[in-house]
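J.: let's see this in three dimensions:
(one chain, ligands or ions: 1)
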Amino acid sequence: MLLLNATYEPLTALTVRRAVVLLVCDKADVVHEGDDLARVRSVDLAVEVPSVIRLRTYVRVPYRARIPMTRAALMHRDGFRCAYCGGRAETIDHVIPRSRGGTHSWENCVACCAPCNHRKADKMLSELGWTLRTTLVPPTGPHWRLLASTKELDPTWLQYLGEGAA
Ligand SMILES: [Zn+2]
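T.: Here you go, the predicted structure:
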C-alpha cells in the first residue's frame, strides 16, 4: 500500500495493518481504491483495502537523508541499461573495482550487462579505454526512497510517483 503526504508526494510503502490504523484513526483518506476485494478484519471492523492513501496532515520528511543503494534502485537510476555499452543491464559493476578500494556506493556502482561485467573484471576504466554513459550521483526525491525500499511496485501507484519512477 502506498502512503502519500498531504501534498500528494509519495512517502513510503505501508503494510496493510499500518494503513488501516491510519484510516481508522482518521489520519488518512483513501485516494485509490484497491483492485481486489481483500478485506482486513479486526475485532469489529472490516475495511476495504485501498492501494493508495493520503495523510490528512502534512509530514515533514528529511529529504537530505541519503537514499540507500539497492540493486533495484540502481537499475532504475541507470534505466536498466549497461553504463558502458547501453545494452540491457543484468548486474552491478563497481567502476573502481572493490579489489582496488572502490566503494559499494551510488558514486562507484553502475548497472552493467553480463559481457561488459566479464570483460571489465577488476580493471580500471582507463586501462580499458572505456567511458561511462551515466553520471554517478545518488538520486534524490521521495519516490527514490520508495523504489529503494520496495521490490515490486503496484502499477496503480505509478501515477502518484511522479517523473523518473517508471
Ligand atoms: Zn555492456
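
J.: make it CA atoms for all contacts and neighbour counts henceforth
T.: Noted.

J.: which bits of the chain sit near the ion?
T.: 82, 85, 113, 116 (C-alpha under 5 Å from the ion).

J.: and residue 18, how many neighbours?
T.: For residue 18, the neighbour count with other C-alpha atoms under 10 Å is 10.

J.: residues in contact with it?
T.: Listed by C-alpha atoms under 8 Å, 6 or more residues apart in numbering, residue 18 has no contact partners.

J.: rewinding a little: can you list the residues of the chain next to the ion in CSV and add distance to residue 157 and neighbour count?
T.: Shown next, in CSV, are the residues of the chain next to the ion (distance: C-alpha to C-alpha, whole Å; neighbours: other C-alpha atoms under 10 Å):
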residue, distance to residue 157, neighbour count
82, 27, 27
85, 31, 16
113, 29, 22
116, 34, 17
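
J.: ok, of these, which one's closest to residue 140?
T.: When the residues of the chain next to the ion are ranked by distance to residue 140 (C-alpha to C-alpha), residue 82 comes first, at 21.1 Å.

J.: give the contact list for that closest one.
T.: So residue 82 contacts 88-90, 110-113 (C-alpha under 8 Å, 6+ apart).

J.: type out the ChimeraX command that picks the buried ones from these.
T.: Only the buried entries of the contacts of residue 82 go into this ChimeraX selection, using 16 or more other C-alpha atoms under 10 Å:
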select :89,90,110,111,112,113
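
J.: out of the contacts of residue 82, which comes closest to residue 13?
T.: Looking across the contacts of residue 82 and measuring by C-alpha to C-alpha, the closest to residue 13 is residue 111, at 24.5 Å.

J.: surely that closest one touches residue 92?
T.: Yes: at 4.8 Å, residue 111 counts as touching residue 92 under the criterion of C-alpha atoms under 8 Å.

J.: what is the neighbour count of residue 26?
T.: Residue 26, neighbours per other C-alpha under 10 Å, totals 11.

J.: check residue 105 too.
T.: 16.

J.: and the pLDDT at it?
T.: Per-residue pLDDT puts residue 105 at 92.

J.: hmm, residue 71 and it touching each other?
T.: No: the pair residue 105 and residue 71 does not pass the contact test of C-alpha under 8 Å, sitting 10.8 Å apart.

J.: wasn't residue 67 part of a strand?
T.: No: judged by DSSP: H, G, I helix; E, B strand; the rest coil, residue 67 forms no part of a strand; its state is coil.

J.: what's around it, how many residues?
T.: Residue 67 has 20 nearby residues by other C-alpha under 10 Å.

J.: also the one 10 residues further on?
T.: Using other C-alpha under 10 Å, residue 77 has 23 other residues around it.

J.: thank you kindly, that will do.
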